[in-house]
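Enquirer: I need the structure of the sequence given here:
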Amino acid sequence: MAEFVGAAFLSAALQVMFDRLASREFVNVFRGRKDGSKLLKKLRLKLLELNAVLNDAEGKQITNPAVKDWLDELKDVVYYADDLVDEIATEALRCQSGQDQVRPSTPTSTNLFNAHIESKIKEIMDMLEDFTKGIDVLGLREGIAQNLSHRLPTTSLVDESSVYGRDNDKEDIIKMLLSEEATGNEIDVIPIVGMGGVGKTTLAQLLYNDDRVHEHFEMKAWVCVSEEFDVLRVTRTVLEAVTGQTSDAKDLNLLQVKLKESLSGKKFLIILDDVWNENYDQWDVLRNPFRHGGHGSWIIVTTRIESVASTMQTVPIHRLQELGFEDCWNLFSNHAFGKGDHDVHPNLEKIDYEFHMEELVLIWIAEGFVEQPKGNRTIEEEGYEHFQELLSRLDDDKPLSICEKVRHFSYVRGKFDGFEKLKVINEAKSLRTFLPLSPQRFLIKYLSKKVLDEILPRLTRLRVLSLSYYEIMELPCSIGNLIHLRYLDLSYTPIKQLPASVCALYNLETLLLCHCLHLTTLPVGIRKLVCLRHLDITGTKLEEMPMQMSQLKGLQHLTAFVVGKCKGLGIEELKEYSNLRGTLSISSLQNVVGGMDAVAAKLREKMYLEELVLEWGSTTDDSQNERDVLGKLQPHTNLNRLGIKNYGGTRFPDWLGDQSFCNMVSLHFENCKYCSSLPPLGQLPYLKRLTIKKMQGITKVGSEFFGDGFLSKPFQSLESLRFEEMFEWAEWCILEASEFSRLQKLEVIECPKLIGDLPKHIPSLVRLEISECPELVVSLSRTSFMHELVLNKCQGIEFGWQDVPSVEKLVISGTASLKDLTSELCTLKNLKELRLENCPSLLSFPDSRLPPMLTTLKIGDCEAIQCFPEGMMHLNNLKELSVERCPKLVLPLSEEMRNCYTYLQSLSLYQCDSLKSLPLGFFPKLRSLSIDYCINLETLSISDGLGLQNLTSLESVWINYCSNFVSFPRGGLPAPNLTTLWVFRCQKLKALPDQMHTLLPSLQSSWISSCPEIESFPEGGLPPKLRSLHIQDCDKLVTRRREWGLQRLLSLTHFTISGKRKEDVEYFPEEGLLPSTLMSLRIEHLPKLTSLNSRGLQLLGSLKYMMISNCPQLRSLPEEGLPTSLRLLEIMYCPLLKPRCHKEKGDEWHKIAGIPFIHLDNEMIFEQVTLGQIQSSDFYKLYR
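Expert: Numbering: from 1, shown residues only. All right, here's what the predicted structure looks like:
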């Protein structure tokens, strides 16, 4: 049904068009030309006439094919008209900019332009006339369809069994609701903010119906407010809820007086659901009676709009995020299949690409699908609401055929997207969207230069263009001809600069340059892009901003600003960006001359900013100036997150730590090395996360850190505190009143001079990490919430394991003096993961049992330890065991230890010299086996009578550098689900497992390397499902390659043969040696190879990639050439062959010229265009 939403988009496009037709700039284009103005008026009236029946047409198209055809054809004409309107508007913008020269190949005569436009308008009018005649024929009427977005009023009832993923949100808010700590407000308001449909109302319902909430509050009321903020209705609803009596009163004063009397002195909870009002005066009137409630009363507001929340809030906004994948799936599964098992629907499969809502909405805005909202709402917020409505109206997509009318084109990026693959879009004359998708975003992708030079310039109607993740060094200047372009994404490309013609894209709204690591400048004329709203330059190497950036007054998102030294490049250019949102990082602040320039940036007026990062590029000697600058860069108190880096002042300004920053939840200080004290951060009432790093001037943290303001308990909301690389910090003075009541995570890392104790009372602590603090005494009061404890290079530990009874993960490392573990360790009943690393003096475990719930045990670099505890046999839950570089430790493999390994899923052994044989029968549930550098290991064994079912879980086996390993189990390895078998550098191994073709039916990947004694594959050959086979440095095996039988493996797609100077291979591959299904062939390190077998290669009709590497005697390719299916050829370190393959001048060039991508050592040639240098290691990534 995806095509049936066409009328909705058509109506949205028309609304945008009407607004533009009526704009002053648009009318000015035709000033003085009566004919043109009349035609525009007629066009608008004709479009209004058609728009009036679209709602009716949308409903009727489902049952009347003629109406659907009428709508489809009308859509084509409306898009054509929209492009014309856009062309006129672009001309208006061009004239307004006063800089014609940046726009390539445009008509210079205004009269010629007007005549051209008038001709097109007449053409469109003729087309539309035919559609108006069809209105009566099809029986279409005005305004029939109802408003599909009408929302029913909400209630407080909820089915909790159908709610997923909101437990943490619920508990966070309930902690605030039940807290008895004073906030200093007459009435506290928690806004819950999130996009439509994300679950704000559901969360409020969960809170309203919670038993703890019910017992805590004396009165409760639920009001669905919706779009109309009627103070009288809301007041009456609350009064009726708290009194239990209905009221017909229409006098607001009478109602508010009664409500005040009912609430006076009572602790209440009121929920105002779905609020849209931004008028502070109305809210001020409504809340008057609420001021008289008892201490601890709360109001919860749910809203989609940030500014609504800002109007009403007294505590930080709770931003409700989207559900995670598992919760989304459970929710969907519950509604789609009920409470049953969704696995009974085998046709369900995961879609490859996930769109982010924000990304999609920006594309819609670029396409003109979102009309300009009325009032203070932004066009982005309007788009988010449309997104939710669309979700309920989409149906199955159908395959697209590329034809002239196709407007939106998406495809999954390949490793190499060439001209032949994409030339089909030349037929799409009306294309508006070019949007490649990348399920695996960070793999290297290449786009043919011919696509950019020959296809892109023809797509003159494009509004959305994404070239992200392609290895594009430059854009063609013809990009400036795409005058309709709204959205341009070049993120994650190695582009070095944008062409000046980009500045002719006057309609551009979104320019994404995220992580363009080689981009150092932006075009000077970018200031002319007055429609630009979103500019993402995160992760670029910009050295300064272009001149006069302040002309881009409509910017909503500017992720970074680099302060320059000259006029027009300074920080004052930020002054016009009053509507900036999201994150802003300001760097090179050393270039700010003084405090007056800093004030000019008007950061204090940017009320919508959520995160601000202030960074100095280098430390100067003028610390007073930097102190003055930071003092004047005070942001708006709505700010949530703040970072300060490389600040050179000697102290922080007074505004840091001021309690007026009631929305501040995260602070990060780094490398402010001249500051000798910290600001009073303890006075920030809702600060949750604090990181202090590389503050070399700090020697003492004391009372100034906690502050002496209105908060009797500093850091009352702090959840995470991290000190890192504080090399001079020696003393932490803990105040008696400085209880970190909500601190959940404390990390103190690389503070070598810190002495004394940690804070004594941290009742909510969940994670503690102390690393490389040799002088610090780690002492704790008993805590019931500690789940993770990491101690690295800590010498002073003064607490017992009984003080942390709930710990689930324990890591002890770098403790040279630790000789044994106390028997108290077994009292940790909840311990699931124990890691002991780099404890060279550790001799033994406690004599008693290890904790019974242990699932993961990792021991590394403990040279002295010799044995596991006798009580290990009682570990019935152990799933992962790793032993690394413990040469004396003996793995217990006696019969009484079998139960210990019953549920073991992963076993990793590295440099365990005591291991000689490993009985696989001990590990019936094992999935992964990894054995490295166990020089005394001789065999893997299975006791007689072990059935196939005993190793059904085993999926991967890795054996590496086991120089005495001789054999796999006699009779074979009974692992029916094994998919990976890799064996490296086992010099004495003479054979692979027996009966591989029957006992290993699921094997897909096998790598056999440096096993010189293996002469052949087992009898019966290799398993039929094998997809990837690598044979390296196995000269006896390669000598008998005619016996391999690989031609029977019709699943084999990847094959590598590699030698190490010994293989006597002169001729490869022999005819019939390899299967026709092969897609990738790598021939490496064959020193005697002189020729490639033409017959053997020509049979490989599916071959896509071929690599020839380190074959010094090979000088030519087969006369018949290589397989025509070949798309990628790599020739590396073949000194005789490479010069003969040089483009156009080499003797072998004609044999490979038709291959789209060729790599000769470090030179890349894509569709006969040399791209430049590439590192071989980068090239290999393309084929993983």
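Enquirer: can you list the domains in this protein?
Expert: Annotated domains of the chain cover 2-137, 160-327, 459-543, 1044-1184 [automatic domain parsing].
Enquirer: Just name the most buried of those.
Expert: domain 459-543 (a mean of 21; mean count of other Cβ atoms under 10 Å). No exception for glycine: its C-beta is placed from N, CA and C like everyone else's.
Enquirer: before we move on, the earlier item: any chance of the domains of the chain in a markdown table with mean pLDDT and distance to Leu929 as columns?
Expert: As requested, the domains of the chain are exported to a markdown table (pLDDT from 0 to 100; distance: least, Cβ to Cβ, whole Å):
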| stretch | mean pLDDT | distance to Leu929 |
| --- | --- | --- |
| domain 2-137 | 74 | 48 |
| domain 160-327 | 87 | 29 |
| domain 459-543 | 93 | 36 |
| domain 1044-1184 | 84 | 23 |
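Enquirer: okay if I get those as JSON lines plus distance to Asp654?
Expert: Supplementary listing: the domains of the chain in JSON lines, determined by distance: least, Cβ to Cβ, whole Å:
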{"stretch": "domain 2-137", "distance to Asp654": "44"}
{"stretch": "domain 160-327", "distance to Asp654": "20"}
{"stretch": "domain 459-543", "distance to Asp654": "31"}
{"stretch": "domain 1044-1184", "distance to Asp654": "51"}
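Enquirer: wait, which of these is closest to Glu896?
Expert: domain 160-327 (39.8 Å; Cβ to Cβ).
Enquirer: Straight-line length of that closest one, end to end?
Expert: When the termini of domain 160-327 are compared using Cα to Cα, to the nearest Å, they are 14 Å apart.
Enquirer: Give me the distance between that domain and the centre of its chain.
Expert: Offset of domain 160-327 from its chain centre (Cα atoms, centre = their mean, to the nearest Å): 33 Å.
Enquirer: CA atoms only for stretch 632-652 - export them in PDB, please.
Expert: What follows is stretch 632-652, C-alpha atoms only, in PDB (Å, rounded to 0.1, in the frame of the first residue of the first chain):
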ATOM      1  CA  LYS A 632      32.500  35.700  29.000                       C
ATOM      2  CA  LEU A 633      31.600  32.500  27.200                       C
ATOM      3  CA  GLN A 634      28.900  31.700  29.800                       C
ATOM      4  CA  PRO A 635      26.200  29.600  28.100                       C
ATOM      5  CA  HIS A 636      22.500  29.600  28.600                       C
ATOM      6  CA  THR A 637      21.300  27.800  31.700                       C
ATOM      7  CA  ASN A 638      19.400  25.300  29.600                       C
ATOM      8  CA  LEU A 639      22.700  23.600  28.600                       C
ATOM      9  CA  ASN A 640      22.800  19.900  29.400                       C
ATOM     10  CA  ARG A 641      26.500  19.000  28.700                       C
ATOM     11  CA  LEU A 642      29.700  21.000  28.800                       C
ATOM     12  CA  GLY A 643      33.300  20.200  28.000                       C
ATOM     13  CA  ILE A 644      36.400  22.400  28.500                       C
ATOM     14  CA  LYS A 645      39.700  21.300  27.000                       C
ATOM     15  CA  ASN A 646      43.200  22.800  27.100                       C
ATOM     16  CA  TYR A 647      42.100  25.900  29.000                       C
ATOM     17  CA  GLY A 648      45.200  27.900  30.100                       C
ATOM     18  CA  GLY A 649      43.600  30.100  32.900                       C
ATOM     19  CA  THR A 650      44.700  29.700  36.500                       C
ATOM     20  CA  ARG A 651      41.100  29.400  37.800                       C
ATOM     21  CA  PHE A 652      37.600  28.800  36.500                       C
END
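Enquirer: Could you list the buried residues of it?
Expert: 632-636, 638-649, 651-652 (16 or more other Cβ atoms under 10 Å).
Enquirer: ok, back up a step: let me know which of the domains of the chain is the nearest to Glu833.
Expert: Closest to Glu833 of these, according to Cβ to Cβ: domain 160-327, at 21.7 Å.
Enquirer: Contacts for stretch 725-737 next, please.
Expert: 692-703, 706, 712-714, 723, 749-760 (Cβ atoms under 8 Å, 6 or more residues apart in numbering).
Enquirer: elements contacting the helix or strand Arg212 falls within?
Expert: According to DSSP states H and E, Arg212 maps onto helix 211-216. Here helix 211-216 touches helix 167-178, going by 3 or more Cβ pairs under 8 Å, 6 or more residues apart in numbering; DSSP states H and E.
Enquirer: again, only using 10 Å
Expert: Other helices and strands packing on helix 211-216, by 3 or more Cβ pairs under 10 Å, 6 or more residues apart in numbering; DSSP states H and E, are helix 167-178, helix 200-209, strand 268-275.
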